[in-house]
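A structural model of the following input is requested.
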Amino acid sequence: MEVSICANCEKGVQEASHQTFDLILMDWHMEGLSGAPALAAFREAAPFAQLVVLSGDRSPALVRSVVDLGAVGFIPKDASPEGLMLALRTIASGGVYLPSSVLAASGVGASGSSSHGSDGTMPGTRTAMPPIDVTQAFPKLTERQADVLRSALRGLPNKLIARELGISDGTVKTHLSAVFRELDVQSRTEALYVAAKHGVRIT
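The predicted structure is shown next:
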């Protein structure tokens with residue numbers, strides 16, 4: 001495993017533009033480019049990388065904003081070292097990791113299960129178990145709907161999903177509409193929350 005450490009977002013985006021990264025962990029507050037613009041820059045530079053945000057602010061509004069921008073993980077800065085490693089292992093294995101307090105308050109996917117860290121403050125999905133595929137979590141989805149959902153959960157826009165799967169933008173929208181109905185959600189963000197609660201693998 002190779003790891004690159006960058007002092008700021010600008011340097012990180014430059015490296016992400018020239019190298020392939022599986023996972024990018026960024027501080028929400030950095031010198032220079034930071035916050036939403038930084039996350040958007042990383043998404044553009046590395047559209048297929050898993051983006052994870054580290055922040056001292058764990059407000060539901062911020063977490064939702066981070067997910068809206070394509071992140072698949074949010075780790076509070078007060079996480080214990082064990083909790084941090086658990087979060088990164090979960091994400092590296094294809095899982096979703098969001099604060100348990102935010103999942104509980106989201107009101108989305110109430111039937112999904114979640115678990116809390118031993119300190120009661122860490123994000124929690126079903127991290128004690130290996131992440132499961134979307135077809136296991138949502139067996140009523142067709143194979144193509146599951147493919148579209150996997151790509152959407154990774155934060156890919158419709159155009160990239162269409163290119164990756166060899167289908168049209170319109171077909172992607174049709175499949176997403178069917179997926180949202182099956183998951184009983186209204187948006188990609190809510191779909192990610194439901195996926196997190198079910199311990200879904202998104203890769």
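
show me what contacts residue 21?
Listed by C-beta atoms under 8 Å, 6 or more residues apart in numbering, the contact partners of residue 21 are 4, 15, 46, 49. C-betas here are computed from N, CA, C, even on glycine.

By neighbour count, which of the residues you listed wins?
The member of the contacts of residue 21 that has the most neighbours, counting by other C-beta atoms under 10 Å, is residue 46 with 21 neighbours.

measure the nearest residue to that one once chain neighbours are set aside to residue 59 for me?
Nearest non-adjacent residue to residue 46, counting by C-beta to C-beta, 6 or more residues apart in numbering: residue 16, 4.2 Å away. Distance, residue 16 to residue 59, by C-beta to C-beta, to the nearest Å: 27 Å.

which helix is the longest one in the chain?
For the chain, the longest helix by residue count, based on DSSP state H, is helix 169-183.

thinking again about what came up before, JSON lines please, covering the contacts of residue 21 and showing pLDDT.
Output for the contacts of residue 21, formatted as JSON lines (pLDDT from 0 to 100):
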{"residue": "4", "pLDDT": "91"}
{"residue": "15", "pLDDT": "93"}
{"residue": "46", "pLDDT": "91"}
{"residue": "49", "pLDDT": "89"}
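
now the helix or strand that the longest helix of the chain is followed by against helix 169-183, angle please.
Following helix 169-183 in sequence order, the next helix or strand is helix 188-198 (DSSP states H and E). Taking axes from the mean of the first three to the mean of the last three C-alpha atoms, to 10 degrees, one finds helix 188-198 and helix 169-183 inclined to each other by 50 degrees.

Alright, that wraps it up for me.
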